[in-house]
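Asker: no sequence on hand, only this structure:
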């Protein structure tokens, strides 16, 4: 098909008309057959006529087009219903009569067709439930608006959404992501064609997204604070590590360090994350893999202030014992924040006598977290112990006794194993220099600080022998302190239980890390370039924004569930094409979503999102 412009002069006046024409073969050669008159106005610029004709031809042949063009739809309707080539109407089915003798109408504008029911079929099934919820939450949080304000073009915004939804629903590499996108109803929901999408477009999207991470995170945190009425008077900070597959020679941040994933054989990066008391991310940062916890506080506070602004009255930073050094507490106070930390082991031991006393303990109950129903209820005993300008809270948890003992015995067994290996190397003459031997001993003491203090390790240079002796007194003290920890804060306005429960909020950061590593599949990382690694982690953080928003709305409704359960329940809803052969020889195809089940409707109602995945699309085809 093509568009043809004609001119005709009548009584000195020229009339211009545009025709949709089809070239047909005849015994006398090709002839032009007029399909439809388009009127005197040009349907589009001349250079676009051929493309427009192809779209019309595709639509008339029954091929759906995700880019809905009102002009194409109008012309197709005129062709199908116009006088130039009238469409033979299908025979009308006789209406059923009701008990009162009147016709049973199914809607004033509904077309009644005679269908060959034995030939009805369905095709192009796509999973719609999880991506529909993810897309609606994306819109509810206004992430498109935030990305637009960061200066990202619409195509980058669209790719960022599909990549974030992939991490939320079915995490995979950028190489495998295009196929996953095509297996879902994202084409129907977004109105975009992903037929030719390749992984290189997604890699380039990582590159475009990287420079705008800070502005996006700041804008998203501000929107969530308004949408959910969040309390930003407590900031919870912790770190984790995530490892790589490969050597990553082009990424200076990929280094070996303390692996929380139990993969010391792999290079890694360290990820710092700040949440508010409700568990919403406020800031994150990616550090080199060898970064120690205590060395990250100043930089993380800089990142936090760039996202949420300067301090507000009574704002408290909560950190774990790995950062509870005096220089870090000084830095927190210098910026005008309060602090609440778990103290180092040495400070805890100074209160040994008070731990031994039976008087003054208050029992509190630790209820299972709504986000972790498998967690058991436990009892904790707390005790006030003021120390100058600080408040010290002594804590003893019956649930931690076995855990502390198991950790201590495991570390002790590994220390003794490594000491025996070191002695064997010395005895065989593989390690001779005294300086190198002392360095090896120092590394073992750094690796096992919890238990190395129980042993006096010495090397006799003259004899060339390594020996160690257990300090029974220190070891017995450690056993008696299993299950205990010490909290300290400069907040004088909180009672003992409030201090303890506030510190327990830090478990929400641990839960966030678990979510990012498991359902959101942050690890292992296959990228080798530094900026792509950082953007990969940023996409995991974006996906966690959606996850925590979904779970909070369920918690606010009194429903304790997880995103993993919701995602599984939604997987049964699909979008498909219903194929209806009509008695007049044509085929009607209806692209639509399946009817939501009661479980789906409850999810939509809880999240306050529409149940409609897409508007049905009807197309006619020649059989």
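Answerer: Great, that's in hand. Note that the coordinates shown come from a computational prediction; the quantities given were computed from them, not determined experimentally.

Asker: pretty sure residue 621 sits in a strand.
Answerer: Yes: looking at residue 621 with DSSP: H, G, I helix; E, B strand; the rest coil, it is inside a strand.

Asker: which strand or helix spans the spatially most central residue of the chain?
Answerer: Per CA atoms, centre = their mean, the C-alpha nearest to the average position across the chain is that of residue 543, at 1.7 Å. In this structure, residue 543 sits in helix 530-556 according to DSSP states H and E.

Asker: over to residue 497?
Answerer: Following DSSP H and E, one finds residue 497 within helix 496-504.

Asker: could you pull out the strands in the stretch 1-150 of the chain for me?
Answerer: Using DSSP state E, counting those that start in this stretch, the strands of the stretch 1-150 of the chain run over residues 2-10, 13-26, 29-39, 121-127.

Asker: please pull up the helix or strand immediately following the helix holding residue 543.
Answerer: helix 563-570.

Asker: how close does the residue lying closest to residue 570 once chain neighbours are set aside get to residue 37?
Answerer: The shortest distance from residue 570 to any non-neighbouring residue, by CB to CB, 6 or more residues apart in numbering, is to residue 129 (3.0 Å). No exception for glycine: its C-beta is placed from N, CA and C like everyone else's. The gap separating residue 129 from residue 37 is 45 Å, by CB to CB, to the nearest Å.

Asker: who's more crowded, these two?
Answerer: Set side by side, residue 129 and residue 37 show more neighbours around residue 129, with 29 against 15, by other CB atoms under 10 Å.

Asker: so for the more buried one, what's the pLDDT?
Answerer: Residue 129 is assigned 97 on the pLDDT scale.

Asker: isn't it up against residue 575?
Answerer: No: using CB atoms under 8 Å, residue 129 is not in contact with residue 575; the gap is 9.6 Å.

Asker: between the two ends of stretch 571-588, how far is it?
Answerer: This stretch, stretch 571-588, spans 27 Å end to end (CA to CA, to the nearest Å).

Asker: err, stretch 132-152, not the other one
Answerer: End-to-end distance for stretch 132-152, by CA to CA: 23 Å.

Asker: how far does that stretch sit from the chain's center?
Answerer: From the chain centre to the centre of stretch 132-152 is a distance of 13 Å (CA atoms, centre = their mean, to the nearest Å).

Asker: give me the buried positions along it.
Answerer: For stretch 132-152, burial by neighbour count (16 or more other CB atoms under 10 Å) applies to 132-138, 140-144, 146-147, 150, 152.

Asker: same thing with stretch 167-184?
Answerer: Using 16+ other CB under 10 Å as the test for burial, stretch 167-184 gives 167-171, 174, 177-178, 180-181, 184.

Asker: which parts of the stretch 351-500 of the chain are helices?
Answerer: With helices called from DSSP state H, counting those that start in this stretch, the stretch 351-500 of the chain shows them at 352-356, 398-427, 434-447, 449-452, 472-480, 496-504.

Asker: so which of the ones you listed comes closest to residue 589?
Answerer: Closest to residue 589 of the helices of the stretch 351-500 of the chain, according to CB to CB: helix 496-504, at 56.3 Å.

Asker: between helix 563-570 and the helix or strand just after the closest one, find me the angle.
Answerer: For helix 496-504, the following helix or strand on the C-terminal side (DSSP H and E) is helix 507-517. Using axes from the mean of the first three to the mean of the last three CA atoms, to 10 degrees, one finds that helix 507-517 and helix 563-570 are set 50 degrees apart in direction.

Asker: gap between helix 507-517 and the chain center?
Answerer: On CA atoms, centre = their mean, the centre of helix 507-517 falls 12 Å from that of its chain.

Asker: give me the helices and strands touching that helix, please.
Answerer: With contacts taken as 3 or more CB pairs under 8 Å, 6 or more residues apart in numbering; DSSP states H and E, helix 507-517 sits against strand 234-243, strand 268-276, helix 530-556.

Asker: list the contacts of that helix.
Answerer: 236-238, 240, 242, 261, 271, 273, 275, 277, 279, 281, 369, 371-372, 522-523, 540-541, 543-544, 547-548, 563 (CB atoms under 8 Å, 6 or more residues apart in numbering).

Asker: what sits against residue 445?
Answerer: Contacts of residue 445 by CB under 8 Å, 6+ apart are 452, 457.

Asker: no, scratch that, I was asking about residue 250
Answerer: Shown in contact with residue 250 (CB under 8 Å, 6+ apart): 528-530.

Asker: let's have the residues you listed in JSON lines, adding pLDDT.
Answerer: What follows is the contacts of residue 250, written out as JSON lines (pLDDT from 0 to 100):
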{"residue": "528", "pLDDT": "86"}
{"residue": "529", "pLDDT": "92"}
{"residue": "530", "pLDDT": "94"}
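
Asker: which one among these gets closest to residue 363?
Answerer: The nearest member of the contacts of residue 250 to residue 363, counting by CB to CB, is residue 530 at 49.8 Å.

Asker: who's the residue lying closest to residue 324 once chain neighbours are set aside bridged to?
Answerer: Nearest non-adjacent residue to residue 324, counting by CB to CB, 6+ apart: residue 341, 4.0 Å away. For residue 341, the beta-bridge partners are residue 319, residue 488 (DSSP bridges).

Asker: report pLDDT for residue 341.
Answerer: Here the pLDDT value assigned to residue 341 is 95.

Asker: how about residue 90?
Answerer: Per-residue pLDDT puts residue 90 at 43.

Asker: same deal with residue 96?
Answerer: As predicted, residue 96 sits at a pLDDT of 39.

Asker: ok, now residue 63?
Answerer: pLDDT for residue 63: 57.

Asker: cool, residue 311 as well?
Answerer: Listed pLDDT for residue 311 reads 63.

Asker: quickly note the distance from residue 310 to residue 336.
Answerer: Distance from residue 310 to residue 336, counting by CB to CB: 8 Å.

Asker: just the buried positions in stretch 212-224, please.
Answerer: With burial defined by 16+ other CB under 10 Å, the residues of stretch 212-224 counted as buried are 212-213, 215-221, 223-224.

Asker: closest to residue 385 out of the residues you listed?
Answerer: For the buried residues of stretch 212-224, the nearest to residue 385 is residue 221 (36.3 Å; CB to CB).

Asker: give me the angle between the helix or strand that the closest one is a member of and strand 268-276.
Answerer: If you go by DSSP H and E, residue 221 is part of helix 213-228. Angle, helix 213-228 to strand 268-276, by the same axes, to 10 degrees: 30 degrees.
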